[in-house]
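Chemist: Need coordinates for the following:
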Amino acid sequence: MAFALHCITTCLPGKHHGKFLLRIEDTDQTRFVPGAENYIIESLQWSGIQFDEGVHIGGPYAPYRQSDRKEMYHQYAMQLINNETAYYAFDTPEELEALRKDFESRKETFQYGPQTRMGLRNSLTLSENDVKTLLEAGEHYVIRVRIPDHETIVVHDLIRGLVSVDSHLLDDKVLYKSDGMPTYHLANVVDDYLMKISHVIRGEEWLPSAPLHVLLYRYFGWEADMPEFAHLSLLLKPDGNGKLSKRDGDRLGFPVFPLRWTDPKSGEVSSGYRESGYLPEAFINMLALLGWNPGTEQEILSMDELIELFSIDRVGKSGSKFDPEKAKWFNHHYLSALPDEK
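Modeler: Numbering: from 1, shown residues only. Presented below is the predicted three-dimensional model:
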């Protein structure tokens, strides 16, 4: 289960009078994990995050769980079909797998997009009657975005500046599935627009998807309301070699999860900062300085100070190495400042 922390106006409510909301992004039911939603909420509450809206408290844009909003996404998928910026694709998984293997045999990579779609089984190549017959028969389908051929798409990123991508490199991503569920791409763009989200701040692994999202805002006619994008660099292992994963912590002797987590499917237990004796203030202070700095030598910063000092232009472009000893240093400071009875 994925989740998003989205901001209306900004993530700094005390500084810019924004609002903070929690939206659960659970459109991929194959990744659903029982208990994950409550875990996310409890973790954020332990960290001292104050919510204005969210799946657990409601708000003016409810519901905040995407699976509860799925009926709504169909109309937006049909809007794209009607303006011919998306199309039905009836290719079976077996047919697509055979194509991938055929391309691999020629040392090429198959991509469903501008270069291949006119040779495949979709509403761009089938007659209107054939498409109608297949839909009425309940044939499996997906709705794919129609990527323009050889167009430069520009993403304005608050951390990385202008990012230009040739649409020739993009594929016609699936936006909607015949089971009635949207994919991340459609659901997030629609929800960010409807919930009046001003800033989309996420990990750099989503940067390759940003041109598609910019394109969808154009296709819907929402360009004037498009949020600002910022893609954060990865947190790296202590030695700097690769992305810090959830399994690295216990393997290397430190927590990665905020609270202890037991995987309901495998039974695997991951240790948590709370159970390991860390104070939430130390946890937040430590996290805030991974990839960002206030422009001074000051390292001990309260939540109020972080809110006041934070500026997106001081977020770094390169990955930040996690230092477990530094995490202990922060915790030592906050523990030392507690009154004796506590």
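Chemist: going forward, measure contacts between C-alpha atoms and count neighbours the same way
Modeler: Will do.
Chemist: Which residue ranges of the protein form strands?
Modeler: Ranges of strands in the chain, per DSSP state E, are 2-8, 19-25, 53-54, 86-89, 142-145, 152-157, 161-166, 174-177, 199-203, 228-232, 235-236, 261-262, 269-270, 320-321.
Chemist: Out of these, which one sits most buried?
Modeler: Ranked by mean neighbour count, those are led by strand 142-145 with a mean of 24 (mean count of other CA atoms under 10 Å).
Chemist: Parallel or antiparallel, list what pairs with that one.
Modeler: Here strand 142-145 is paired, per DSSP bridges, with strand 86-89 (antiparallel), strand 174-177 (antiparallel).
Chemist: closest to residue 318 out of the ones you listed?
Modeler: The closest of the strands paired with strand 142-145 to residue 318 is strand 174-177. By CA to CA, the value is 30.6 Å.
Chemist: what pLDDT, on average, does that closest one get?
Modeler: On average, the pLDDT along strand 174-177 is 96.
Chemist: next one: it to chain centre, how far?
Modeler: Counting by CA atoms, centre = their mean, to the nearest Å, strand 174-177 is centred 17 Å from the centre of its parent chain.
Chemist: ditto for stretch 280-296
Modeler: Its chain's average C-alpha position is 21 Å from that of stretch 280-296, according to CA atoms, centre = their mean.
Chemist: Equivalent analysis for stretch 277-295, please.
Modeler: 22 Å.
Chemist: Likewise for stretch 124-131?
Modeler: Going by CA atoms, centre = their mean, where stretch 124-131 is centred and where its chain is centred differ by 35 Å.
Chemist: returning to that earlier point: dump the strands paired with strand 142-145 to CSV, plus distance to residue 251.
Modeler: Listed next are the strands paired with strand 142-145 as CSV, based on distance: least, CA to CA, whole Å:
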stretch, distance to residue 251
strand 86-89, 44
strand 174-177, 37
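Chemist: Select, out of those strands, the one closest to residue 306.
Modeler: Comparing those by CA to CA, strand 174-177 comes nearest, at 37.5 Å.
Chemist: Using CSV, list the CA coordinates for that closest one.
Modeler: Below are the C-alpha coordinates for strand 174-177, written out as CSV (Å, rounded to 0.1, in the frame of the first residue of the first chain):
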residue,chain,number,x,y,z
VAL,A,174,-2.0,2.2,-18.4
LEU,A,175,-4.4,4.7,-16.8
TYR,A,176,-7.5,2.6,-16.1
LYS,A,177,-8.2,-1.2,-15.9
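Chemist: what does that strand contact?
Modeler: Contacts to strand 174-177, defined as CA atoms under 8 Å, 6 or more residues apart in numbering, come from residues 74, 77, 141, 142, 143, 144, 145, 182, 183, 184, 185, 186.
Chemist: Same list, those, but as TSV with pLDDT please.
Modeler: Shown next, in TSV, are the contacts of strand 174-177 (pLDDT from 0 to 100):
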residue	pLDDT
74	96
77	98
141	97
142	98
143	98
144	98
145	98
182	96
183	95
184	94
185	97
186	98
